[in-house]
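Trainee: below is the structure, and that's it, no one-letter string:
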């Protein structure tokens, strides 16, 4: 089974579980906004990584299901807020929430999704009559799951801070590749990839050491995932990607592509792009964005990023094989392997 097929297999159950926490009630207009991004149905890669990794380590999906749904709810309210912060105009092929409803209503709707997320997590973490009380081992696992989930959420918010801070640095020569890795660690590597994998491992009662080891391959594939996202922002289309193309240039986001360009462009090319990046988003023209993206191609910066994705994906797979060598050869293991590949090979 491919990872895409695995996601499809679980998507309806995840979606329906989330909707039970986002009721269609009064005030109707408000709850229409609250449910909007959820009803647009993302790919559900994050929750399915949690489900897949708990099966990989020998337990059932039910043991991590609420936390998998929580990760998906987090994505929806993060995006409602982030789209406004970054002034993204499209999300999953439709106008962003702040464009449809206005800034204040979109942010308020995102807050409601976050509140519902914590209710779902709370109800999974506590047992009240008539449900049997948790055993000592079950309680310990629930505690570890909550602590991991909370850490994922907080570190992701820290990642947004780093991202926003970098975007506000107008001089594109004043950031390093390490600055980029720091900014994407939380939003791409941890929250999108190895954090969900670790939730799955915790639900299977793996030791803290075993859970920590997942980062060795998860962080690499998370980096590849984000670099690929940066590439798609340069070369894809709005119809394929479901969001604005060239948004990184519009917003001033610092990427590995931009870093390579700064190091490899001519003085004239660098000066041209520097001047564009000093402008506010509303001042940048479509022609300027097009010129920057063409220069990224010309200087080999996109090709550099593509090689980086391939290298990171290969290293992640090697590490995964080493860590899981003792696990039996199963269809679930094949699907996990495909998940690692697909995170780097995606086209949307």
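Mentor: All right, it came through fine. What you are looking at is a predicted structure, and each value in this text was computed from that prediction instead of being measured.
Trainee: what stretches of this structure score poorly on pLDDT?
Mentor: Scanning the chain for pLDDT under 70 picks out 127-135, 241-243, 348.
Trainee: list the buried residues in the lengthiest helix in it.
Mentor: With secondary structure taken from DSSP state H, the chain has its longest helix at helix 136-167. Within helix 136-167, the residues that count as buried by 16 or more other Cβ atoms under 10 Å are 141-142, 144-146, 148-149, 152-153, 155-156, 158-160, 162-164, 166-167. Using the backbone N, CA and C atoms, a C-beta is placed for each residue, glycine as well.
Trainee: stretch 19-33 too?
Mentor: Residues of stretch 19-33 classed as buried by neighbour count (16+ other Cβ under 10 Å): 21, 22, 31, 33.
Trainee: neighbours of the residue nearest to residue 323 when sequence neighbours are not counted, how many?
Mentor: Nearest non-adjacent residue to residue 323, counting by Cβ to Cβ, 6 or more residues apart in numbering: residue 213, 5.9 Å away. Neighbour count of residue 213, defined by other Cβ atoms under 10 Å: 17.
Trainee: try residue 334
Mentor: Other residues lying near residue 334 total 13 when counted by other Cβ under 10 Å.
Trainee: cool, and residue 197?
Mentor: For residue 197, the count of nearby residues is 28 (other Cβ under 10 Å).
Trainee: check residue 42 too.
Mentor: Using other Cβ under 10 Å, residue 42 is surrounded by 20 other residues.
Trainee: was I right to think it contacts residue 78?
Mentor: No. Residue 42 is beyond contact range of residue 78, at 11.3 Å (criterion: Cβ atoms under 8 Å).
Trainee: so which residue is dead centre in this protein?
Mentor: Nearest to the geometric centre of the chain sits residue 192, at 3.7 Å (Cα atoms, centre = their mean).
Trainee: isn't that one right up against residue 225?
Mentor: Yes. Between residue 192 and residue 225 there is a contact under Cβ under 8 Å: 5.9 Å.
Trainee: which neighbours do these two have in common?
Mentor: Common neighbours of residue 192 and residue 225 are not found (criterion: Cβ atoms under 8 Å, 6 or more residues apart in numbering).
Trainee: immediately after the longest helix of the chain, which helix or strand?
Mentor: Using DSSP states H and E, the next helix or strand after helix 136-167 towards the C-terminus is helix 177-184.
Trainee: packing partners for the helix or strand following that following helix?
Mentor: Once the chain leaves helix 177-184, the next helix or strand it forms, by DSSP H and E, is helix 195-203. Secondary-structure packing of helix 195-203 (3 or more Cβ pairs under 8 Å, 6 or more residues apart in numbering; DSSP states H and E): helix 45-56, helix 65-86, helix 136-167, helix 208-213, helix 215-235.
Trainee: ok now the longest helix of the chain, how far from the chain's centre?
Mentor: Its chain's average C-alpha position is 13 Å from that of helix 136-167, according to Cα atoms, centre = their mean, to the nearest Å.
Trainee: tell me which residues of stretch 318-325 are tucked away?
Mentor: For stretch 318-325, the neighbour count (16+ other Cβ under 10 Å) marks 319, 320, 324 as buried.
Trainee: in helices only, show me these.
Mentor: Using DSSP H, the members of the buried residues of stretch 318-325 that fall in helices are 319, 320.
Trainee: list just the nearest of the buried residues of stretch 318-325 to residue 60.
Mentor: Distances from residue 60 to these, taken as Cβ to Cβ, are shortest for residue 324 (18.7 Å).
Trainee: separation between the nearest residue to the closest one once chain neighbours are set aside and residue 138?
Mentor: Nearest residue to residue 324 in three dimensions, chain neighbours excluded: residue 333, at 6.5 Å (Cβ to Cβ, 6+ apart). Separation of residue 333 from residue 138 (Cβ to Cβ, to the nearest Å) stands at 26 Å.
Trainee: can you check residue 238 too?
Mentor: Distance check for residue 238 against residue 138: by Cβ to Cβ, it reads 47 Å.
Trainee: next: residue 234.
Mentor: Applying Cβ to Cβ, the value for residue 234 to residue 138 is 48 Å.
Trainee: same question for residue 1.
Mentor: Counting by Cβ to Cβ, the separation of residue 1 from residue 138 is 29 Å.
Trainee: residue 36 too?
Mentor: 36 Å.
Trainee: ok, residue 319 - contacts?
Mentor: Residue 319 neighbours (Cβ under 8 Å, 6+ apart): 216, 217, 220.
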